[in-house]
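Asks: build me a model:
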Amino acid sequence: MRLESLAWLTWRQHRWSVIGVVAFGLLAAAALFSTENGQAGSLLMAGFYGLMAQLVFGGVVGVFWGAPLIARELEERTFFVAWGQDVTPVEWLRGKALVLGSPAVALGALVGAGNGFGGRGWGWAGFESSPLVQAGYAALGFALGVLIGLLSRHVMTAMAATLVVFTLVRVLLAVYARDHYLPPKRLIATWGETATPPGGSVELGGGFVGADAEPVSVAEVCLGVDADTCMRGKKFAIGTYVDYQPVDRIGLFQFFEFGVCALLAAGLFALAFRRLRRVGTWKPSRSHRRITPEAPVVVLTEPAAGGEDAQKATTTKAE
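Replies: Residues are numbered from 1 along each chain as shown. Next comes the predicted model:
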């Protein structure tokens, strides 16, 4: 099956979800670009909704494009026709993933190109406003939906599970991984000074430092009292420190996050292709087999030789 034929088939099967997701992405991009210079009025609210769209766009792609891709074929049992002719399951998935995955990544990059509010400037608050980050999450959401759809074999189950798992993965990356792609910088200030990171930096925590300039815990005798005064008076520490990520690392961290999403997406697709290869000849699951009681079949026999009156009806069971 040639790519143009597969593209036409994909459009016929998924045209409404394709139109919906493309419209969602284009509206979000338009809202983000329209308020990029900080325009006032209702456009400012449009920029806010555009920024919210950046947080969920990868999940939208996974739920409406990735999850139904294989799950619908398995649930409706149309894979008997799709995979039983001149195309193998692996070739079918490879073609459809290319037809839908490429526009998903491109649309994600477009959604990430606008930053919504000009007043935010270049800072960690605008981390999501990156073509790389949004393209990576679009690829991750799509791959996640495909694998979950393959495993669940039910469209609605796959869509719900994709939304939950994608949200969990996104939160884990944003909260626990994003600030630690590189070791943080440390700013040490002796007593009488204040450890203040450069403007725009994100602070990761701080505390007290000992004579060797290494962090030290608050002494037990200083618990419940003014820790700064106690640690300084008893010479348990020589000052304080703050760990931070400088603002000039944002571009590099966005590239790292894209790489993490791309690797996760590649791994999920590898699992999906391996599953298709190992299963071989697909059969419907037990819940899809429509087993009905055997119906009697009436067979009319020819008139018997020897002048018998009429045809005889013989009832047999279907084998």
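Asks: and the strands in the stretch 201-319 of the chain, which stretches?
Replies: Under the criterion DSSP state E, counting those that start in this stretch, strands of the stretch 201-319 of the chain are mapped to 202-209, 215-216, 239-245, 296-300, 313-317.
Asks: confidence-wise, which of those is weakest overall?
Replies: Per-stretch mean pLDDT for the strands of the stretch 201-319 of the chain is lowest at strand 313-317 (a mean of 44).
Asks: who's in contact with the nearest residue to residue 109 once chain neighbours are set aside?
Replies: Distances taken as C-beta to C-beta, 6 or more residues apart in numbering place residue 131 nearest to residue 109, at 3.9 Å, with adjacent residues excluded. Backbone N, C-alpha and C define where each C-beta goes, glycine included. For residue 131, the contact set (C-beta atoms under 8 Å, 6 or more residues apart in numbering) comprises 108, 109, 110, 112, 113.
Asks: now residue 131: how far from residue 257?
Replies: For residue 131, the distance to residue 257 (C-beta to C-beta, to the nearest Å) stands at 12 Å.
Asks: secondary structure element for the residue nearest the centre of the chain, which one?
Replies: Computing the C-alpha centroid of the chain and ranking residues by C-alpha atoms, centre = their mean puts residue 141 first, at 2.4 Å. Using DSSP states H and E, residue 141 sits within helix 131-152.
Asks: now that helix: buried residues?
Replies: By neighbour count on 16 or more other C-beta atoms under 10 Å, the buried set for helix 131-152 is 131-152.
Asks: output it in CSV, but only the C-alpha positions, please.
Replies: What follows is helix 131-152, C-alpha atoms only, in CSV (Å, rounded to 0.1, in the frame of the first residue of the first chain):
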residue,chain,number,x,y,z
PRO,A,131,8.7,25.0,19.4
LEU,A,132,11.1,22.2,20.6
VAL,A,133,9.2,21.6,23.9
GLN,A,134,5.8,21.5,22.3
ALA,A,135,7.0,19.4,19.4
GLY,A,136,8.5,16.9,21.8
TYR,A,137,5.3,16.7,23.9
ALA,A,138,3.2,16.2,20.8
ALA,A,139,5.4,13.3,19.7
LEU,A,140,5.3,11.8,23.2
GLY,A,141,1.5,12.1,23.5
PHE,A,142,1.0,10.5,20.1
ALA,A,143,3.3,7.6,20.8
LEU,A,144,1.7,7.1,24.2
GLY,A,145,-1.8,7.0,22.7
VAL,A,146,-0.8,4.5,20.0
LEU,A,147,0.7,2.0,22.5
ILE,A,148,-2.1,2.3,25.0
GLY,A,149,-4.6,1.8,22.2
LEU,A,150,-2.8,-1.3,21.0
LEU,A,151,-2.8,-2.8,24.6
SER,A,152,-6.4,-1.8,25.5
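Asks: mean confidence score for the next helix or strand after that helix?
Replies: Following helix 131-152 in sequence order, the next helix or strand is helix 155-172 (DSSP H and E). Regarding helix 155-172, the rounded mean pLDDT is 94.
Asks: next: stretch 104-124.
Replies: The model assigns stretch 104-124 a mean pLDDT of 78.
Asks: that stretch: end-to-end distance?
Replies: Stretch 104-124 has its terminal residues 25 Å apart, counting by C-alpha to C-alpha, to the nearest Å.
Asks: could you list the buried residues of that stretch?
Replies: Here stretch 104-124 shows 104-105, 107-112, 114-117, 120, 124 as buried, counting by 16+ other C-beta under 10 Å.
Asks: can you redo the residues you listed as CSV with secondary structure?
Replies: Below are those laid out as CSV (DSSP: H, G, I helix; E, B strand; the rest coil):
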residue, secondary structure
104, helix
105, helix
107, helix
108, helix
109, helix
110, helix
111, helix
112, helix
114, coil
115, coil
116, coil
117, coil
120, helix
124, helix
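Asks: ok, the residues you listed vs residue 167, which is closest?
Replies: residue 108 (16.5 Å; C-beta to C-beta).
Asks: so what's the nearest residue to that closest one once chain neighbours are set aside up against?
Replies: Leaving aside its chain neighbours, residue 108 sits nearest to residue 138 (3.1 Å; criterion: C-beta to C-beta, 6+ apart). Residue 138 sits next to 57, 58, 61, 104, 105, 107, 108 when contact means C-beta under 8 Å, 6+ apart.
Asks: so which of those is the closest to residue 87?
Replies: Lowest distance from residue 87 to the contacts of residue 138 (C-beta to C-beta) belongs to residue 104, with 22.0 Å.
Asks: residues in contact with that closest one?
Replies: Here residue 104 is in contact with 21, 61, 65, 138, 139, 141, 142 (C-beta under 8 Å, 6+ apart).
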